[in-house]
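Student: predicted model, plus sequence, below.
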Amino acid sequence: MPESNDENTIIRMFRVYKRYGAQNALADINLDIRRNDFLFVNGPSGAGKSTLLKLLYLGEPVSEGQILINGMNLSRVSRKRIPDLRRTFGIIFQDYKLISNKTVFENIALVLEVSGHKSKYIQKKVKSVLRTVGMESKIDAYPPTLSGGEQQRIAVARAITGDPKILLADEPTGSLDAESAMIILNLLKEYHSGGGTVIIATHDKELIRSIRGRIIYLQDGQLQIPKAIEV
Amino acid sequence: MIFFVKRAIKDMNGNRFINAVTIVTIALSIFIVSAFGLFFHNVNNLMDTWKKGVRILAYVKKHTKESQITELKDKIQATQGVASLTFISKEESLNQMKDHMKRQAAIFKKLKENPLPDVFEIQMVGIQQGMDDIEILATRIESLPHVSSVEYGQKWLGRFMTMFNLIKFSGFALCGTFLMASVFIVANTIRLLFYSKQEEIEIMRLVGASDNFIKAPFYVEGIIQGVLGGVIGVTALLITYLLISSNMEQGILVDFLSIRFLPIKICLGIILCGIVAGWLGCYLSLKQILKY
Ligand SMILES: Nc1ncnc2c1ncn2[C@@H]1O[C@H](COP(=O)(O)OP(=O)(O)OP(=O)(O)O)[C@@H](O)[C@H]1O
Ligand SMILES: [Mg+2]
């Protein structure tokens, strides 16, 4: 993989392939993402957007090629170091992935517990992050009792609470009405303006239009030459 | 650490039934194991007292002269394995007898001649292993001149000891089996708990939890199960013991069969076994589950 002289490159993908059986979910992906980028991964359903995100946090191993994240070569990350890698990300999953038998507080606190924070700090931080997403009244609620939009906001809160370097969001506004989507989007913007790097996988053109960001387009697992997407 | 304990307790509370079943099963195993322990402990004590009390009676032939008796005494004294000896003359024996049987004094009056023999009561040096020691010593003394016969009441003790060793061995095997069963029960519980929380664990991994972070509460749970099982098992035995021994208080056997409870050290040891069983069960199941 070519050495990067650019200090600002936080993610570099080089000739990355991901195969499921004989099918190429991703093929020959070459991509540099810079610190504080606001990147949209766009493309039709099944294009490989979620797969691309998964490769970044080692949710799946690559089939071929190299990925560098914040200086770490993913092919050389041992099982023991995977947690470290994951803590550089805040991830908003397409299906939220909240633990249903734990309260909102516990769900968010988990992120801070795994990195060994003191419980006093955790109390304070979780409360403040819930305030940010406007959900402090639901601190003791269980996720299944919340609406989709509320769960989405909790998912955002969890993703940003550990002050990650990179925020990955998979269809963060997927099933939300315009108003809820706006709330989420503003949270992402806020995180971005704090210096974070944001990567959003979405097929939602509306969402893309509402923020000035960099856009890449996937089709059948291949990165399309930026054809200056008709924004 | 406190954090993990809190998490584990909360979790156990959430899975009360399966945890209760596990703890009860461990408690049962521990109960059986410690009951065996109690049995062996007491039999061992009993045998120790018996061993200490082993004495051989050497009867002197009739019409042995006094000088010969003195000679015999020296010889016995010189025999290896003899700690001490007392000479009981036939007159003493007879007087003792008379004392004991005052009502039947008439019998003694009819006696023309003292029918009792002189006796040496021989105290043995402590016995180490089997009862062979006694037998060897007894034959040795029997072969001395002027000894008519030798008697030792604990002849059967030798046979008993062989049997006891056999029981002891099978007891240990049984205890081992029960402890192993505990290990597997804990392992199984932990596995069930693990699979029931797989989704949660997957999410924990995704937000950056290390293996140890995920495993720790399971270990705490396994160990808590072991501790509780152990304590309950030993306590149950203590209660059983107290019930039985307070009933025996009224019986006549008290002195003879005074059962003593296990010393605290052994109790703690047994509870430690429970803890080890809990830990090991956890270790085995997590090792199997997280082998990748
Ligand atoms: N675990 C898997 N096993 C087999 N095939 C998979 C797996 N995950 C994804 N794929 C395939 O890889 C391709 C890309 O899937 P991916 O989920 O990345 O699409 P996507 O762009 O996120 O679609 P959507 O917009 O619907 O979320 C699809 O054809 C999918 O069937
Ligand atoms: Mg997807």
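Tutor: Ah, there it is. Ligands and ions are numbered 1, 2, ... in the order given.
Student: from here on, just use CA atoms for contacts and neighbour counts.
Tutor: Fine.
Student: which parts of the stretch 151-292 of chain B are helices?
Tutor: B:155-196, B:198-206, B:211-248, B:264-289 (DSSP state H, counting those that start in this stretch).
Student: residue A:22: how many residues sit nearby?
Tutor: For residue A:22, the neighbour count with other C-alpha atoms under 10 Å in any protein chain shown is 7.
Student: what do you get for residue A:76?
Tutor: That count, for residue A:76 with other C-alpha under 10 Å as the rule, works out to 11.
Student: how much space separates it from ligand 1?
Tutor: 22 Å (C-alpha to the nearest ligand atom, to the nearest Å).
Student: again with residue A:7
Tutor: In terms of C-alpha to the nearest ligand atom, residue A:7 sits 29 Å off from ligand 1.
Student: confidence score at residue B:151?
Tutor: With respect to pLDDT, residue B:151 scores 78.
Student: does residue B:149 touch residue B:60 like I think?
Tutor: Yes - between residue B:149 and residue B:60 there is a contact under C-alpha atoms under 8 Å: 7.4 Å.
Student: more neighbours: which of those two?
Tutor: Between residue B:149 and residue B:60, residue B:60 has the larger neighbour count (other C-alpha under 10 Å), namely 23 against 17.
Student: mind checking pLDDT for residue 76?
Tutor: You didn't pick a chain, so chain A it is. For residue A:76, pLDDT reads 90.
Student: the intended chain is chain B.
Tutor: The model's pLDDT for residue B:76 equals 78.
Student: returning to that earlier point: output the helices of the stretch 151-292 of chain B as CSV; include the columns mean pLDDT, mean neighbour count and distance to residue A:218.
Tutor: Below are the helices of the stretch 151-292 of chain B laid out as CSV (pLDDT from 0 to 100; neighbours: other C-alpha atoms under 10 Å in any protein chain shown; distance: least, C-alpha to C-alpha, whole Å):
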stretch, mean pLDDT, mean neighbour count, distance to residue A:218
helix B:155-196, 84, 17, 37
helix B:198-206, 93, 18, 25
helix B:211-248, 87, 20, 35
helix B:264-289, 89, 20, 37
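Student: can you report phi and psi for residue B:59?
Tutor: phi -90, psi 130 (degrees, to the nearest 10).
Student: try residue A:69
Tutor: phi -130, psi 120.
Student: next one: residue A:46
Tutor: Per degrees, to the nearest 10, the backbone of residue A:46 is at phi 90, psi 0.
Student: would you mind measuring from it to residue A:202?
Tutor: Going from residue A:46 to residue A:202 by C-alpha to C-alpha, to the nearest Å gives 11 Å.
Student: compare these two (neighbour count), which wins?
Tutor: Taking neighbours as other C-alpha under 10 Å, residue A:46 and residue A:202 compare with residue A:202 leading, 24 against 13.
Student: just to be sure, residue B:57 is in a strand?
Tutor: Yes - counting by DSSP: H, G, I helix; E, B strand; the rest coil, residue B:57 falls inside a strand.
Student: need the residues of chain A near ligand 1, please.
Tutor: By the rule C-alpha under 6 Å from any ligand atom, the part of chain A lying against ligand 1 is A:20, A:25, A:44-51.
Student: please apply the same query to the stretch 151-292 of chain B.
Tutor: Proximity of the stretch 151-292 of chain B to ligand 1 (C-alpha under 6 Å from any ligand atom) involves no residue at all.
Student: quick one: name whatever helix or strand follows the one helix or strand in chain A whose mean pLDDT sits lowest.
Tutor: Least confident element among the helices and strands of chain A, by mean pLDDT, DSSP states H and E: helix A:205-209 (a mean of 85). Once the chain leaves helix A:205-209, the next helix or strand it forms, by DSSP states H and E, is strand A:214-219.
Student: show me where chain A dips below the pLDDT cut-off.
Tutor: Along chain A, segments meeting pLDDT under 70 span A:1-6, A:226-231.
Student: name the element the residue in the stretch 1-150 of chain B that ligand 1 sits nearest to belongs to?
Tutor: The stretch 1-150 of chain B approaches ligand 1 most closely through residue B:11 (31.0 Å), counting by C-alpha to the nearest ligand atom. Assigned by DSSP H and E, residue B:11 belongs to helix B:2-14.
Student: average pLDDT for that helix?
Tutor: Rounded mean pLDDT across helix B:2-14 is 79.
Student: buried ones in the longest helix along chain A, by neighbour count?
Tutor: Looking across chain A with DSSP state H, the single longest helix is helix A:178-193. Using 16 or more other C-alpha atoms under 10 Å in any protein chain shown as the test for burial, helix A:178-193 gives A:180-181, A:183-185, A:187-188, A:191-192.
Student: one more: stretch B:87-95?
Tutor: Quick answer for stretch B:87-95 (16+ other C-alpha under 10 Å): B:87, B:90, B:93-94.
Student: now residue A:217: how far from residue A:205?
Tutor: For residue A:217 relative to residue A:205 (C-alpha to C-alpha), the value is 12 Å.
Student: and those two? Which one has more around it.
Tutor: residue A:217 (22 against 12).
Student: please look at that one and residue A:41 and confirm they touch.
Tutor: Yes - with contact defined as C-alpha under 8 Å, residue A:217 counts as touching residue A:41 (6.0 Å).
Student: out of the buried residues of stretch B:87-95, who's nearest chain A?
Tutor: residue B:87 (80.6 Å; C-alpha to the nearest C-alpha).
Student: what helix or strand is that closest one on?
Tutor: Using DSSP H and E, residue B:87 falls within strand B:82-88.
Student: how about the helices in chain A?
Tutor: Here chain A has its helices, by DSSP H, at A:49-56, A:82-87, A:104-114, A:119-132, A:148-161, A:178-193, A:205-209.
Student: on that earlier part again, for the residue of the stretch 1-150 of chain B closest to ligand 1, grab the count of nearby residues.
Tutor: Count around residue B:11 with other C-alpha under 10 Å applied: 16.
Student: who touches the residue of the stretch 51-200 of chain B found nearest ligand 1 in this structure?
Tutor: Nearest residue of the stretch 51-200 of chain B to ligand 1 (C-alpha to the nearest ligand atom) works out as residue B:199 at 16.3 Å. Residues in contact with residue B:199 (C-alpha atoms under 8 Å, 6 or more residues apart in numbering or on different chains) are residue A:99.
Student: what residue in chain A comes nearest to chain B?
Tutor: Closest point on chain A to chain B, by C-alpha to the nearest C-alpha, is residue A:83, at 4.1 Å.
Student: leaving out sequence neighbours, find the closest residue to that residue.
Tutor: Leaving aside its sequence neighbours, residue A:83 sits nearest to residue B:208 (C-alpha to C-alpha, 6 or more residues apart in numbering or on different chains; 4.1 Å).
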